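Asker: can you look at this prediction? I've put the sequence above it.
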Amino acid sequence: MGFANALTNARAVAELVASASPWVPTRGPSKSSDITAEWLTANIGTRAPGAVALSATPLDGTTGTTDRRRLAVQWNEAGKRSGLPSNVFVKSSPLSAKNRGMVAALGMSNNEVRFYQQVADQLAGVCPKAWYSYAGIGSRFLILLDDIVADGARPYALADCCGIEHARGLIDAFAELHSRFWESRRFDGDLSWVRTWSTRPGNTVLKRFYKRGRRDALRLGRPEVTPAVRATAAALDANVDAYYREFESGPLTLLHGDSHLGNTYSLPDGRSGLLDWQVIWRGPGLREITYWMVTGLDPHHRRAHERELIECYLDGLRAGGVTEVPSPAAAFERYRLFSAEAWDATAMTIAWPGLQAPENAEAAWRRACVAVEDLETAAAVDSLR
């Protein structure tokens, strides 16, 4: 295990070095401008005899941890008859070296490409359909997805208000994901790359990011930094190793890993789904529920519905065939404990501008600061001593 961890960390360092270069050799596309009509014909059109892409027109996009662009595609009649996508969403390499460094060190692009190649087909409705995926070195990658907006879906930003119907839809999605991979034997086989918290690529780097993030966030003199918030940061500093061991305390399942509101969408039929599967890992399902609720629900909604939503999640696990389901009281205690890491993630986005749009980082930070006070999170973390 020690050798495996050392090898994982060495690979992370090599990826970090490659990400700093403005250019690295790749075998596949790594930016949205690589997706031309000719490329689409050669790589997607082969699914339909005689299909030819006539044009690929950029629509809009955003950039951050990854570069994201929408394209309108015009196909000939053969392509249209076969249902090839008229709108696609392109995720590709981060534009800034700083963001490439984070994506590379944590193996984020490799994770998401593997997810779409090996897992996504079993989670229809929980995630978009991928038409193409490729990952190279130094966080050079590209994934071509269905444009869910063109199909009528509503993607959420972290700063949005999460209504109760979307919240319940997400609980169903989490329960479906987690029950399907609950203590799965595939973690010893084709999904062995889905690592636990301590063995993930770049875990040592991530721990440093978190520690620096909470330190720097507290130094900003923000009004949200109450005594309860400072106590949560201090409890993490004092108990960090014991705290992270809780993320490997079973039963474990496949986690989306970055399940904040800004990585979710609702469908016209009432279902909800998840985007951006870059930090997929193996851990306790309640960590994922906590991460979403603490950062994504406004305090009055969270206070009113958190216990109901947790109980709905537990019911969903049972419906999915899970037998080792904790009691609502035990689940709520885990929720209190895991809220510290949800807050920690928001502190990093406040301390390190550019990971999220400012309004999104602010919204998650405010919600998380209120939550750790409401939930007496510092006491939960200190109980690990």
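Answerer: Noted; the coordinates are in hand.
Asker: and the one helix or strand A304 maps to, what's buried?
Answerer: A304 belongs to helix 299-319 when assigned by DSSP states H and E. If you call a residue buried by 16 or more other C-beta atoms under 10 Å, then helix 299-319 has these buried ones: 301-302, 305-306, 309-310, 312-314, 316-317. Using the backbone N, CA and C atoms, a C-beta is placed for each residue, glycine as well.
Asker: mind saving the C-alpha coords of that helix as CSV?
Answerer: Taking C-alpha atoms only, helix 299-319 is exported to CSV below (Å, rounded to 0.1, in the frame of the first residue of the first chain):
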residue,chain,number,x,y,z
PRO,A,299,-30.3,27.9,5.6
HIS,A,300,-34.1,28.2,6.0
HIS,A,301,-34.6,25.4,3.5
ARG,A,302,-31.9,23.2,5.0
ARG,A,303,-33.3,23.6,8.5
ALA,A,304,-36.8,22.8,7.4
HIS,A,305,-36.0,19.8,5.2
GLU,A,306,-32.6,18.3,6.2
ARG,A,307,-34.0,15.4,8.3
GLU,A,308,-36.7,14.7,5.8
LEU,A,309,-34.2,14.5,2.9
ILE,A,310,-31.8,12.3,4.9
GLU,A,311,-34.7,9.9,5.7
CYS,A,312,-35.7,9.9,2.0
TYR,A,313,-32.2,9.0,1.0
LEU,A,314,-32.1,6.1,3.5
ASP,A,315,-35.4,4.9,2.0
GLY,A,316,-33.9,5.1,-1.4
LEU,A,317,-31.0,3.0,-0.4
ARG,A,318,-33.3,0.3,0.9
ALA,A,319,-35.4,0.4,-2.3
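Asker: in terms of secondary structure, what does it contact?
Answerer: Contact partners of helix 299-319 among helices and strands, from 3 or more C-beta pairs under 8 Å, 6 or more residues apart in numbering; DSSP states H and E: helix 164-180, helix 285-296, helix 328-351, helix 358-374.
Asker: could you give the average pLDDT over that helix?
Answerer: Mean pLDDT, helix 299-319: 98.
Asker: and if you look at stretch 169-179?
Answerer: Computed over stretch 169-179, the average pLDDT equals 98.
Asker: return that stretch as CSV; C-alpha atoms alone will do.
Answerer: Extracted in CSV, the C-alpha atoms of stretch 169-179 (Å, rounded to 0.1, in the frame of the first residue of the first chain):
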residue,chain,number,x,y,z
GLY,A,169,-35.0,14.7,-7.3
LEU,A,170,-31.3,14.8,-6.3
ILE,A,171,-31.9,12.6,-3.3
ASP,A,172,-33.4,10.0,-5.7
ALA,A,173,-30.3,10.4,-8.0
PHE,A,174,-27.9,10.0,-5.1
ALA,A,175,-29.7,6.9,-3.8
GLU,A,176,-29.7,5.3,-7.3
LEU,A,177,-26.0,6.0,-7.7
HIS,A,178,-25.0,4.8,-4.3
SER,A,179,-27.2,1.7,-4.0
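Asker: ok, residues contacting that stretch?
Answerer: 123, 125-126, 253-256, 259, 264, 266, 270-274, 285, 288-289, 292, 309, 312-313, 315-317, 319-322 (C-beta atoms under 8 Å, 6 or more residues apart in numbering).
Asker: kindly recompute the last result at 7 Å.
Answerer: Here stretch 169-179 makes contact (C-beta atoms under 7 Å, 6 or more residues apart in numbering) with 123, 126, 253-254, 256, 264, 266, 270-274, 285, 288-289, 292, 309, 312-313, 316-317, 320-322.
Asker: also stretch 86-100?
Answerer: 19-20, 30-32, 35, 63-73, 103, 131, 138-147, 150, 354.
Asker: check stretch 243-256 too.
Answerer: Residues outside stretch 243-256 that contact it (C-beta under 7 Å, 6+ apart): 177-178, 181-183, 194, 196-198, 236, 274, 277, 280-285, 287-288, 324, 337, 340, 381, 384.
Asker: check contacts around L384.
Answerer: Contacts of L384 (C-beta under 7 Å, 6+ apart): 239, 242-243.
Asker: hmm, try it at 8 Å
Answerer: L384 makes contacts with 239, 242-243, 246, 337, as judged by C-beta under 8 Å, 6+ apart.
Asker: residue nearest the centroid of this protein?
Answerer: When C-alpha atoms, centre = their mean is applied to the chain, the residue found nearest the centroid is D258 (2.8 Å).
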